[in-house]
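*Asks:* Need the 3D shape of this:
(4 chains)
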There are 2 protein chains.
Amino acid sequence: MRGTGKEAILDAARQEFGERGYAAVSIRDIARRAGVSLSAMYHYYPGKQDLLHALVNGSGQAYFDACREELASAGDDPGEQLAAVVRATVRYRAEYRLESSLTLTEWRSMSEEGLAEFRRRRLDGTRMFEQIIEDGVAQGVFRTPHPKDARRGVIAMCNAVAQWYRESGEESVPDLAERYVELALVLVEYRPAARRSRIPRISTPAPAPTRMSPDNP
Amino acid sequence: MRGTGKEAILDAARQEFGERGYAAVSIRDIARRAGVSLSAMYHYYPGKQDLLHALVNGSGQAYFDACREELASAGDDPGEQLAAVVRATVRYRAEYRLESSLTLTEWRSMSEEGLAEFRRRRLDGTRMFEQIIEDGVAQGVFRTPHPKDARRGVIAMCNAVAQWYRESGEESVPDLAERYVELALVLVEYRPAARRSRIPRISTPAPAPTRMSPDNP
DNA sequence: GCCTCCCGAACGACCGTTCAATCACCCTCT
DNA sequence: AGAGGGTGATTGAACGGTCGTTCGGGAGGC
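*Replies:* Next comes the predicted model:
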């Protein structure tokens, strides 16, 4: 496996937890896949629960970093801002689908303290979308009569990418992300402030030279 | 628990599997919740796996029944048809959220034969949406340039209802379903064949007197 | 001689499953 | 009407196996 010891263990845990679910995986499975002994794991991580915690936390951090990075190059227009977070979300879900499905479905296996932290972060994510959509509605550029449902729809749409996307496909992640940006803007019924064509396409400001950090859980 | 024996066991299994996941639940947990002994379970079901199978299968059957019922009162217009399946899906996800999240996330715990059947049914569901959207695009009433992504978006949106909806809320399920119908039609960029207002609302043909069967796993 | 890294063996608890036995009930034969 | 017997429902105890975790110790560099 890549790296040695600690990294190999975390890689194996990500793979196993992500594919079969926390409860279905034994720490012996992880050790076997990582190519280390059972006790070597306990040298690095105090227990099974801590492995999950490390993965979920690292993934959450990386996701928000990606969102912030993308948002930094967006202007004041809520349309651009929504495009930024949708782009960041879809890319993250596609490129880190294992940790994404882990975060999205295995949080219920987390211990109480880890769960509180997770819920706090998830709420932050929700509020990020919520704020942008509220702004857009207030400014009159998002015409949807159901901002709350539209927000849930956009988030669900993006998150679901982690469930079906497979990297071996002919699908290019940036193209996928841009299509989802279009869909999200349609869903909130985006009409740019400056008058232009009826069905709007956001003025894509050169497809983001910055990328998220390629390592990290 | 409601009923006796067999029903109580299936109820308990639905609750436990739906809340904590198949692998995290022991059959002793189920027996305890059902108020029966461990061996009573084995009198009715040959094993843990069969409980999951019964739940997933029953749920899948009930969902398709609901879709068919709703589709029966829809006309030829793809807009009406999409509205029908979205309405049926959202209602099912909200009213049967436990079996829904079971079907949506615990299928990977199923044995090989059960999994094949499940995949076949899921493919049928996908194709149902796919066919309707393809028809709409072909007829020119759905203007979305990305039918495949729109289909995935609509399905993800509807399915996600099972994750956040709580029946104790102030939310009315039929209202929720109608809002999601609107969102879905926006997402596929529905423009009715008969010319009318710019932003379309489907002509709701009296809010479906028929309901899905209230029992059933 | 003390850290870091790593190992095999073992612990008690719990897992899914099996089994022999008991209870309650209806049908049948006398 | 009452005895006999089969049948389905239900029980507690036990099986072998796997679980997460712990423990005592051995290499090897500082």
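
*Asks:* going forward, measure contacts and count neighbours with C-alpha atoms only.
*Replies:* Will do.

*Asks:* what's the domain layout of chain A?
*Replies:* A:1-45, A:48-187 (automatic domain parsing).

*Asks:* Deepest in the core, which of these is it.
*Replies:* domain A:48-187 (a mean of 19; mean count of other CA atoms under 10 Å in any protein chain shown).

*Asks:* Show me which residues of chain A are close to chain B?
*Replies:* Residues of chain A lying near chain B by CA under 8 Å from any CA of the partner chain: A:20, A:23-24, A:105, A:108-109, A:146, A:149-150, A:152-154, A:156-158, A:160, A:179-180, A:183, A:186-187, A:189.

*Asks:* sorry, back to before: as a markdown table, the domains of chain A with distance to DNA strand C would be great.
*Replies:* Output for the domains of chain A, formatted as a markdown table (distance: least, CA to the nearest atom of the strand, whole Å):
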| stretch | distance to DNA strand C |
| --- | --- |
| domain A:1-45 | 4 |
| domain A:48-187 | 13 |
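
*Asks:* Using JSON lines, lay out those together with mean pLDDT and distance to B:Ala94.
*Replies:* Supplementary listing: the domains of chain A in JSON lines, determined by pLDDT from 0 to 100; distance: least, CA to CA, whole Å:
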{"stretch": "domain A:1-45", "mean pLDDT": "89", "distance to B:Ala94": "24"}
{"stretch": "domain A:48-187", "mean pLDDT": "95", "distance to B:Ala94": "14"}
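
*Asks:* Of the ones you listed, which is nearest B:Lys6?
*Replies:* domain A:1-45 (26.2 Å; CA to CA).

*Asks:* Run the contact check for the closest one versus DNA strand D.
*Replies:* Yes - against DNA strand D, domain A:1-45 shows contacts by CA under 7 Å from any atom of the strand at A:23, A:25-29, A:38-39, A:42.

*Asks:* And the strands in chain A?
*Replies:* Per DSSP state E, chain A carries no strands over any range.

*Asks:* report the longest helix in it, please.
*Replies:* helix A:112-139 (DSSP state H).

*Asks:* name the helices or strands packed onto that helix?
*Replies:* Applying 3 or more CA pairs under 8 Å, 6 or more residues apart in numbering or on different chains; DSSP states H and E, one finds that helix A:112-139 makes contact with helix A:48-72, helix A:78-95, helix A:147-159.

*Asks:* Might you calculate how far the last one sits from the centre of the chain?
*Replies:* For helix A:147-159, the separation from the chain centroid amounts to 13 Å (computed by CA atoms, centre = their mean, to the nearest Å).

*Asks:* Same question for stretch A:53-67.
*Replies:* 8 Å.

*Asks:* Equivalent analysis for stretch A:75-94, please.
*Replies:* That offset, for stretch A:75-94, works out to 11 Å (CA atoms, centre = their mean).

*Asks:* Equivalent analysis for stretch A:78-98, please.
*Replies:* Between the centre of stretch A:78-98 and the centre of its host chain there is 7 Å, according to CA atoms, centre = their mean.

*Asks:* Can you show me the CA trace of that stretch as PDB?
*Replies:* Extracted C-alpha coordinates of stretch A:78-98, given in PDB (Å, rounded to 0.1, in the frame of the first residue of the first chain):
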ATOM      1  CA  PRO A  78     -25.600  34.800  -5.800                       C
ATOM      2  CA  GLY A  79     -25.700  33.000  -9.200                       C
ATOM      3  CA  GLU A  80     -21.900  32.900  -9.300                       C
ATOM      4  CA  GLN A  81     -21.700  31.900  -5.600                       C
ATOM      5  CA  LEU A  82     -24.200  29.000  -6.000                       C
ATOM      6  CA  ALA A  83     -22.200  27.900  -9.100                       C
ATOM      7  CA  ALA A  84     -19.100  27.900  -7.000                       C
ATOM      8  CA  VAL A  85     -20.400  25.800  -4.200                       C
ATOM      9  CA  VAL A  86     -22.100  23.400  -6.500                       C
ATOM     10  CA  ARG A  87     -19.000  23.100  -8.600                       C
ATOM     11  CA  ALA A  88     -16.900  22.400  -5.500                       C
ATOM     12  CA  THR A  89     -19.400  19.900  -4.100                       C
ATOM     13  CA  VAL A  90     -19.800  17.900  -7.300                       C
ATOM     14  CA  ARG A  91     -16.100  17.800  -7.800                       C
ATOM     15  CA  TYR A  92     -15.500  16.600  -4.300                       C
ATOM     16  CA  ARG A  93     -18.200  14.000  -4.400                       C
ATOM     17  CA  ALA A  94     -16.800  12.600  -7.600                       C
ATOM     18  CA  GLU A  95     -13.100  12.700  -6.800                       C
ATOM     19  CA  TYR A  96     -13.500  11.600  -3.200                       C
ATOM     20  CA  ARG A  97     -16.500   9.400  -3.500                       C
ATOM     21  CA  LEU A  98     -15.400   6.900  -0.800                       C
END
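
*Asks:* Can you tell me, leaving aside adjacent residues, what's nearest to A:Tyr44?
*Replies:* In space, and not counting its chain neighbours, A:Tyr44 is closest to A:Lys6: 6.3 Å by CA to CA, 6 or more residues apart in numbering or on different chains.

*Asks:* Tell me if I'm right that that neighbour and A:His43 touch.
*Replies:* No - using CA atoms under 8 Å, A:Lys6 makes no contact with A:His43, being 9.1 Å away.

*Asks:* follow-up on the earlier one: now go through the residues of domain A:1-45 next to DNA strand D and say which are in helices.
*Replies:* Per DSSP H, the residues of domain A:1-45 next to DNA strand D map to helices at A:27-29, A:38-39, A:42.

*Asks:* farthest pair in those residues?
*Replies:* Among those, A:Asp29 and A:Tyr42 lie farthest apart (CA to CA), at 13.9 Å.

*Asks:* can you tell me which residues contact A:Tyr96?
*Replies:* Neighbouring residues of A:Tyr96 by CA atoms under 8 Å, 6 or more residues apart in numbering or on different chains: A:Ala162.

*Asks:* List phi and psi for it.
*Replies:* Dihedral angles of A:Tyr96 (phi, psi; degrees, to the nearest 10) stand at phi -130, psi 60.

*Asks:* which ones are touching A:Ala12?
*Replies:* Taking CA under 8 Å, 6+ apart, one finds A:30-31, A:33-34 in contact with A:Ala12.

*Asks:* which one of these is nearest chain B?
*Replies:* Using CA to the nearest CA, A:Ile30 is the member of the contacts of A:Ala12 that lies nearest chain B, at 16.4 Å.

*Asks:* mind listing what the closest one touches?
*Replies:* Contacts of A:Ile30 (CA under 8 Å, 6+ apart): A:9, A:12-13, A:16.

*Asks:* how about a cut-off of 10 Å?
*Replies:* By CA atoms under 10 Å, 6 or more residues apart in numbering or on different chains, the contact set of A:Ile30 is A:8-17, A:36-38, A:41, A:48.
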